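> how does the following fold in three dimensions:
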Amino acid sequence: MFAYLVRRLFLMLVTLFGISIVIFFLLRIVPGNIVDILFAAAGYVDPADKAELEKQLGIDQPLVMQYLHWIGGFLRGDFGYSYVSEKPALQEILPRIPITARLAGLALLFSASIGIPLGVISAVKQGTRLDYALRIVSLSGLSLPSFWLGLLILTAAVAMFGQIPIFNPNPKTWLEAFATYAVPAAAVGFRSAALTMRITRSSMLEVLRQDYIRTARAKGASEAAVNYHHALKNAILPVITVIGIEAAFLIGGLIVTETVFNIPGVARFLVEAIRWRDYPIVQNLVMFIAVVVVFANFTVDMLYAVFDPRIRYTD
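Next comes the predicted model:
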């Protein structure tokens with residue numbers, strides 16, 4: 001087990017190193033930089049002033065030197081300064097992480113708490129009207145864009161209450177926090193719940209056809225015990241995989257939701273930083289998202305052994 005963890009840790013570090021290279025050089029491939037944008041907005045270009053500003057920002061150096069300077073600072077905990085606000089990049093990023101984390105966590109909770117039970121019910125009631133209704137709901141969740149659903153919710157709020165829900169970045173109580181994040185989390189979690197429900201249903205249908213399920217019924221086990229103790233326990237691995245992928249996706253995939261609901265989170269800030277070619281912000285934010293994705297995949301692999309005793313990670 002120890003050797004496996006060491007190998008996984010090494011592979012995670014190699015993956016993050018490769019991602020850092022891709023991030024850095026893809027940003028430089030995009031035409032224009034922060035200096036070009038500033039001078040274009042000002043309406044004039046003075047070559048001497050432009051060269052001086054590029055020198056101050058360090059973007060006049062060779063790309064390899066720029067990369068080594070950034071990655072060296074990143075490993076030391078020095079994330080640089082924002083080109084736009086001139087504040088430390090970490091100071092700009094840290095306040096936005098809890099906002100996106102709460103939104104993603106609540107959306108994931110909504111997805112799992114709704115998707116798994118409905119998926120089990122749909123599988124157990126296969127071929128009934130309830131099954132068809134749940135399949136229509138899941139298909140609708142996968143088909144409806146989250147931004148359209150968010151706009152629909154805002155329109156309904158205006159029609160019913162006469163105003164758009166205002167985001168409160170500093171809720172004082174758990175109830176205020178839940179009220180603040182519940183609507184956008186439901187809007188983005190509806191698609192994840194639909195996907196979780198379909199995966200749960202298909203996995204459950206496969207398990208319910210196995211011989212040990214018929215044996216459990218023949219021994220007199222109740223339907224609840226058969227469905228939730230025997231069947232769901234063996235059908236949960238694909239569901240865990242999907243939930244892990246969704247958890248990683250939600251951290252960086254909330255761009256539209258945060259924009260529609262005017263939430264100052266990580267994803268929305270990333271789009272703004274890309275528009276301004278704010279390299280320190282973009283590079284550090286994408287690396288943060290990459291770390292979350294890598295550790296989410298690692299956590300999913302570890303959960304396999306917890307939920308399925310047959311799986312053992314050995315040398």
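> for the one helix or strand residue 283 maps to, name the packing helices and strands.
Assessed by DSSP states H and E, residue 283 sits inside helix 279-307. Packed against helix 279-307, as judged by 3 or more Cβ pairs under 8 Å, 6 or more residues apart in numbering; DSSP states H and E, are the following elements: helix 2-29, helix 63-76, helix 89-93, helix 232-252, helix 266-275. Yep, even glycine has a C-beta here, placed from its N, CA and C like the rest.
> make it 10 Å
helix 2-29, helix 63-76, helix 89-93, helix 97-124, helix 232-252, helix 266-275 (3 or more Cβ pairs under 10 Å, 6 or more residues apart in numbering; DSSP states H and E).
> tell me what angle the second one forms with helix 2-29.
Pointing back at helix 63-76 there. Angle, helix 63-76 to helix 2-29, by axes from the mean of the first three to the mean of the last three Cα atoms, to 10 degrees: 140 degrees.
> report the buried residues of helix 63-76.
66-67, 70-71, 74 (16 or more other Cβ atoms under 10 Å).
> and that helix, what does it pack against?
Where contact means 3+ Cβ pairs under 10 Å, 6+ apart, helix 63-76 is packed against helix 2-29, helix 279-307.
> and the helix holding residue 283 with helix 232-252, angle?
With the same axes, to 10 degrees defining the directions, helix 279-307 sits at 170 degrees from helix 232-252.
> now helix 279-307: average pLDDT?
Averaging pLDDT along helix 279-307 gives 85.
> show me what counts as buried in that helix.
279-290, 292-294, 296-298, 300-301, 303-304.
> how far away is residue 129 from residue 121?
12 Å (Cβ to Cβ, to the nearest Å).
> angles on the backbone of residue 278, please.
phi -80, psi 80 (degrees, to the nearest 10).
> now do the contacts for it.
Listed by Cβ atoms under 10 Å, 6 or more residues apart in numbering, the contact set of residue 278 reads 27, 33-34, 37, 80-85, 89, 92, 269-270, 272, 285.
> are any of the residues you listed buried, and if so which?
Applying 16+ other Cβ under 10 Å to the contacts of residue 278 flags 27, 33-34, 37, 80-84, 89, 92, 269-270, 285 as buried.
> how about those in a markdown table, adding distance to residue 175?
Listed next are the buried ones among the contacts of residue 278 as a markdown table, based on distance: Cβ to Cβ, whole Å:
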| residue | distance to residue 175 |
| --- | --- |
| 27 | 42 |
| 33 | 46 |
| 34 | 42 |
| 37 | 43 |
| 80 | 39 |
| 81 | 38 |
| 82 | 35 |
| 83 | 40 |
| 84 | 36 |
| 89 | 34 |
| 92 | 30 |
| 269 | 27 |
| 270 | 30 |
| 285 | 31 |
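> domains for this structure, by residue range?
What the record gives for the chain is the domain set 2-94, 98-307, from automatic domain parsing.
> just say which of these is most tucked in.
domain 98-307 (a mean of 18; mean count of other Cβ atoms under 10 Å).
> between the two ends of that one, how far is it?
End-to-end distance of domain 98-307: 29 Å, with Cα to Cα, to the nearest Å as the criterion.
> my read: residue 95 touches residue 169, true?
Yes: between residue 95 and residue 169 there is a contact under Cβ atoms under 10 Å: 8.4 Å.
> list residues touching both of those two?
264-265.
> pull the residues that contact the helix-or-strand element of the chain with minimal mean pLDDT.
Every helix and strand in the chain was compared by mean pLDDT, DSSP states H and E; the lowest is helix 34-42, with a mean of 71. Helix 34-42 is touched from outside by 32, 45-47, 49-54, 56-57, 59-60, 82-84, 275-279, with contacts defined as Cβ under 10 Å, 6+ apart.
> quick one: which of these sit in helices?
47, 49-54, 56-57, 275, 279 (DSSP state H).
> ok, longest helix in this structure?
In the chain, assigned by DSSP H, the helix with the most residues is helix 174-208.
> re the thing from before, out of the buried ones among the contacts of residue 278, who's nearest residue 154?
Distance to residue 154 across the buried ones among the contacts of residue 278 (Cβ to Cβ) is lowest for residue 269, with 21.0 Å.
> correct me, but that closest one touches residue 284?
No: counting by Cβ under 10 Å, residue 269 stays clear of residue 284, with 11.0 Å between them.
> this completes my enquiry, with thanks.
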